[in-house]
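Student: quick one, what's the 3D model for this:
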Amino acid sequence: MASQPSPANPARRRALILAIVGFVQILAAPLLWSITMGNPLLRRTGLVAWLFVADGLFMIILAVVASRRIPVLVLSVLSLTLTAFYVAAFFVMMRIPPATTIYQLASAPDFTLPDQDGRLVSLHDLREKQRILLVFYRGHW
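Tutor: This next block holds a predicted model:
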């Protein structure tokens, strides 16, 4: 007699496929966020990526309900860990100030010093002609 496939086998296979698709979807959410960075609202909120993660978690939950086999459970734990990492990284990174912060510095007091040729140069005179960048070196030469 040939053995008949068990009726639960296709359901287990579907659950595993659902768990894999959900995990890949959660894994791909940051890529989707980087693709949608052109839109200020989506860049700030990550809305599309979070919807992608939520759908992936929904698939994982459906897979666990359908089959509690080890591969499905492992994928569900990995998915939850990855989602927790995304939540922590997203909300911690949102608190970091942007790199383009401009600080307003106080003006340097006026002074007169000799240049490399021994001529006296005044900061006030240079400011009238051009922009000035002062660089201070520690020590002496």
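Student: following the lengthiest helix in the chain, which helix or strand shows up next?
Tutor: Determined from DSSP state H, the single longest helix within the chain is helix 8-35. Using DSSP states H and E, the helix or strand that follows helix 8-35 in sequence is helix 40-45.
Student: okay, now the unreliable bits of the protein?
Tutor: 1-8, 93-105, 136, 139-141 (pLDDT under 70).
Student: so the residue nearest the centre of the chain versus residue 12, what's the distance?
Tutor: Using Cα atoms, centre = their mean, the residue of the chain that lies closest to the mean C-alpha position is residue 90, 6.1 Å off. Distance, residue 90 to residue 12, using Cβ to Cβ, to the nearest Å: 34 Å. Where you see a C-beta, it was placed from the backbone N, CA and C, and this is true even at glycine.
Student: returning to what we had before: other SSEs contacting the longest helix of the chain?
Tutor: Applying 3 or more Cβ pairs under 8 Å, 6 or more residues apart in numbering; DSSP states H and E, one finds that helix 8-35 contacts helix 47-66, helix 70-93.
Student: so for residue 25, which of those helices sits nearest?
Tutor: helix 47-66 (3.6 Å; Cβ to Cβ).
Student: what does the closest one contact?
Tutor: 11-12, 14-16, 18-19, 21-26, 28-30, 32-33, 36, 41-42, 72-73, 75-76, 79-80, 83, 86 (Cβ atoms under 8 Å, 6 or more residues apart in numbering).
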